[in-house]
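Asks: requesting a structural model of the entry that follows:
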Amino acid sequence: MSLNSLRFYQTKGVQALQIVQLDVAASLIVNHFAEKEDFIVFKYLDGKTIITDGNDAILATIDQRLFSHEVWAVYGEEIEFSYYTFMTPSEY
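Replies: Numbers count the residues shown, from 1 in each chain. Presented below is the predicted three-dimensional model:
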């Protein structure tokens, strides 16, 4: 995966949440998870954002709220670029 061609998208469900910290989540993916994880879950719990691999293995804990609801980032590839789509669990 080339990080130069990595893009981020969000579904209508995530757009409706009006998330202001999406750029922080994207930065975390680029800096820590992009070459390792195809499925990332962001959960807000007890004043922290818990980032897991979707199988409840904790990848990181952030001392701030990134999302008010559970949000998934799912990896995909096209011929010319790679991408993560931020979505709600019901949109998967």
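
Asks: how far away is the closest residue to residue 87 other than its chain neighbours from residue 90?
Replies: Distances taken as Cβ to Cβ, 6 or more residues apart in numbering place residue 11 nearest to residue 87, at 4.3 Å, with adjacent residues excluded. C-beta coordinates here come from the backbone N, C-alpha and C atoms, glycine included. Separation of residue 11 from residue 90 (Cβ to Cβ, to the nearest Å) stands at 10 Å.

Asks: residue 58 pairs with what?
Replies: residue 52 (DSSP bridges).

Asks: same question for residue 77.
Replies: residue 82.

Asks: and it, what pLDDT?
Replies: Note on residue 77: pLDDT of 92.

Asks: for it, give its distance to residue 89.
Replies: The spacing between residue 77 and residue 89, counted by Cβ to Cβ, is 22 Å.

Asks: end to end on stretch 84-92, go ahead and measure it.
Replies: 13 Å (Cα to Cα, to the nearest Å).

Asks: and it, how far out from the chain middle?
Replies: On the basis of Cα atoms, centre = their mean, to the nearest Å, stretch 84-92 is displaced by 9 Å from the centre of the chain it belongs to.

Asks: please point out which parts of that stretch sit buried.
Replies: Neighbour-count burial for stretch 84-92, counted by 16 or more other Cβ atoms under 10 Å, picks out 84, 85, 86, 87, 88.

Asks: which one of those residues is nearest to residue 24?
Replies: Nearest to residue 24, judged by Cβ to Cβ, of the buried residues of stretch 84-92 is residue 86 at 11.9 Å.
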